[in-house]
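Chemist: here's my sequence, what's the structure:
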Amino acid sequence: MGIYLNPGNDLFYSTVTYSEIYVDKTMLISFTNKCLFGENKEICVSRPRRFGKSMAENMLTAYYSKGCDSRELFSKFQIAQTPDFEKHLNRYNVIHIDMQKFLGRTKNVHEMLDFLQKRVLKEMKQTFSVIEPEETSLIIALEDLYGQCEEKFIFIIDEWDSIFRVHRDNATAQKEYLDFLRDLLKGQPYVALAYMTGILPIKKYGQH
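Modeler: Below is the predicted model of the structure:
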């Protein structure tokens, strides 16, 4: 169990256990299960702040991640009554990233992407011995891992649009970031599902 790779279910557990009000949104999982591996496997959700986006991401992480056993945690919710509940429960490699946190710890987008890759790769190298110790590219590591082991991943990305809010006038930084996201997710055989959330309206940024 890692922080970014195959996290545990602690955050979702705290929400459903200690919150005074919790509304069952687990049927979102039924929807994402139908999107796995298909042509609609890339999902981007744009909603206002305090809409429950992070809670939904923590729920999806708790359900899919190999890093925990969430059967009992979900047993009292609607998703447990669906035919595919057991089929996908804690069966996948999950990479969960909060872009805002990485951006807040670095000075610019280039530094942020470098730091992000180092942190995720550190956990991946501890889990998958086939990744070369000197590898510094997350995308190449994922491609090589799929080529050798056919490992697939679910990507859950929070605050994906934070770069456009912080660096709203820096077109070069925006392009570098979008190039990274495109290369990481678009058309990659190792992607089982990509679920991203943000608060800005979804739009076309240049060629992306």
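
Chemist: in the protein, mark out all the helices, start to finish.
Modeler: Here the chain has its helices, by DSSP state H, at 10-18, 27-35, 53-64, 71-74, 85-88, 99-104, 109-127, 138-149, 162-166, 171-185.

Chemist: the last one packs against which elements?
Modeler: Pointing back at helix 171-185 there. For helix 171-185, the packing partners by 3 or more CB pairs under 8 Å, 6 or more residues apart in numbering; DSSP states H and E come out as helix 109-127, helix 138-149, helix 162-166. Placement of C-beta: from N, CA and C, glycine included.

Chemist: out of the helices of the chain, which is closest to residue 197?
Modeler: Each of the helices of the chain has some distance to residue 197 by CB to CB; the shortest is helix 53-64, at 4.1 Å.

Chemist: okay, now the unreliable bits of the chain?
Modeler: Applying pLDDT under 70 to the chain flags residues 47-52, 202-208.

Chemist: nearest residue to the middle of it?
Modeler: Nearest to the centroid of the C-alpha atoms of the chain, with distances taken as CA atoms, centre = their mean, sits residue 156, at 1.4 Å.

Chemist: how near is the closest residue to it other than its chain neighbours to residue 188?
Modeler: Of all residues not flanking residue 156 in the chain, residue 96 sits nearest, at 4.6 Å (CB to CB, 6 or more residues apart in numbering). Between residue 96 and residue 188 the distance is 17 Å, computed by CB to CB, to the nearest Å.

Chemist: that older thread, tally of neighbours for the residue nearest to residue 156?
Modeler: Residue 96 is flanked by 25 other residues according to other CB atoms under 10 Å.

Chemist: can you check residue 175 too?
Modeler: The criterion is other CB under 10 Å. On that basis, residue 175 has 15 neighbouring residues.

Chemist: I'd like the distance between it and residue 164.
Modeler: In this view, residue 175 and residue 164 are 11 Å apart by CB to CB.

Chemist: any idea how far residue 19 is from the residue nearest to residue 156?
Modeler: Counting by CB to CB, the gap from residue 96 to residue 19 is 20 Å.

Chemist: go on, residue 121?
Modeler: For residue 121 relative to residue 19 (CB to CB), the value is 34 Å.

Chemist: what about the two, which has more around it?
Modeler: The residue with the greater number of neighbours, taking residue 121 and residue 19 and applying other CB under 10 Å, is residue 121; the counts read 21 against 10.

Chemist: how about the more buried one, what does it touch?
Modeler: For residue 121, the contact set (CB atoms under 8 Å, 6 or more residues apart in numbering) comprises 131, 135-136, 138, 141.

Chemist: try it again with 7 Å
Modeler: Residue 121 sits next to 135, 138, 141 when contact means CB atoms under 7 Å, 6 or more residues apart in numbering.

Chemist: what's around the second one, how many residues?
Modeler: Translated: residue 138. Other residues lying near residue 138 total 20 when counted by other CB under 10 Å.

Chemist: before we move on, what about residue 144?
Modeler: Other residues within reach of residue 144, judged by other CB under 10 Å, total 17.
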